[in-house]
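Enquirer: kindly return the folded structure for what I paste below:
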Amino acid sequence: MEEKIALFGPAGNSESFARAGYKSSCDAPRYLSERGLTAYEYQCGRGVLLGEETAKKIGAAAKEYNIALSIHAPYYMNLSNPDDERQRKTVDYVLQSAKAASLMGATRITIHSGSLMKRERTEALSIAKGTLKKVLSAMDEMGYGDITLCPELMGCTNQLGTLDEVLELCLVDERVVPCIDFGHYNARNFGILREIKDYEFIFDRMEEVLGFSRVKSFHSHFSKMEYNLKSGEVKHLTFEDEIYGPEFSPIAEIIVRRGYTPTFICESAGTQAEDAMSMRDEYLKVKGIKI
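Expert: Residues are numbered from 1 along each chain as shown. Sure, this is the predicted structure:
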């Protein structure tokens, strides 16, 4: 039986995708396979705009080239908005994403929790948990109950989405898996990831709340990220950055030692496929697998 290993791929298409002559995301699975990558997160951040035939073509290509698919739901969804109409819209945004995911065979949807909207964090989180339950109920009703939702750890201090808030959202239902964005975590905590113990804390906390079996195959975003000391995240960087971090090597060491098999989606600014390859190479080096 072949050993299951971590998966690596980009969020959307690198600048090199177009330079290589590719024009359609239907070609992304082939492009990624040629580079030894195994995952792809289709971006619906500005709305679910792809048609059914395109979704099916992406899915067929992903199956052919053995690429695991996920989708990023629209950025403007807001689980923590108390307004009934806004909650209905959030449910609809996720259902649109789930329909696209189902058509292409994607198994995970990354979702944002929303902003605090000048509320206390505990109140915003309570609202978000209620809305998430509505989302899950609607997904079950529409036949999308087999798709995993991944609430994302967010990078700005005025957003809902600290590590503990994400984990509490995951407690709403066992099908919910955390999307740990290490760049966001580092940004909203003003460069806290310096030593391996700082990274270990994240994994210790995940296991404490959710247990090993749920954490083992967690979802992840990774990029180096500029931040300021007021609000956190400023912008995504590339692996050429030597100032802000975080670094991937401690994460590779930890997941190999603990036996995790997560999906890593790289969100570098324009070099996400290349930087995903760098992450994969570091991981395989730690595992002792020849590239």
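
Enquirer: could you use CA atoms for every contact and neighbour count after this?
Expert: Noted.

Enquirer: and stretch 141-158, how far apart are its ends?
Expert: End-to-end distance for stretch 141-158: 33 Å, by Cα to Cα, to the nearest Å.

Enquirer: and it, how far out from the chain's middle?
Expert: Centroid displacement of stretch 141-158 relative to its chain, using Cα atoms, centre = their mean, to the nearest Å, is 9 Å.

Enquirer: same check on stretch 103-119?
Expert: The answer for stretch 103-119 is 9 Å, by Cα atoms, centre = their mean.

Enquirer: show residues contacting that stretch.
Expert: By Cα atoms under 8 Å, 6 or more residues apart in numbering, the residues outside stretch 103-119 that reach it are 52, 55-60, 68-81, 94, 97-98, 101, 124, 128, 146-152, 154, 158-161, 179.

Enquirer: where does the stretch 1-150 of the chain dip in pLDDT?
Expert: Residue ranges of the stretch 1-150 of the chain with pLDDT under 70: 1-2.

Enquirer: specify the local secondary structure of Val91.
Expert: Look at Val91: counting by DSSP: H, G, I helix; E, B strand; the rest coil, its state is helix.

Enquirer: what of the one 4 residues further on?
Expert: When classified by three-state DSSP, Leu95 comes out as helix.

Enquirer: who are the contact partners of it?
Expert: By Cα under 8 Å, 6+ apart, the neighbours of Leu95 are 135, 138-139.

Enquirer: how far away is it from Glu247?
Expert: 35 Å.

Enquirer: do Lys290 as well
Expert: Distance from Lys290 to Glu247, by Cα to Cα: 22 Å.

Enquirer: so these two - more neighbours on which side?
Expert: Glu247 (21 against 7; other Cα atoms under 10 Å).

Enquirer: on that earlier part again, in helices only, show me the contacts of Leu95.
Expert: The members of the contacts of Leu95 that map onto helices under DSSP state H are 135, 138-139.

Enquirer: between the residues you listed, which is nearest Arg88?
Expert: The nearest member of the ones in helices among the contacts of Leu95 to Arg88, counting by Cα to Cα, is Val135 at 8.9 Å.
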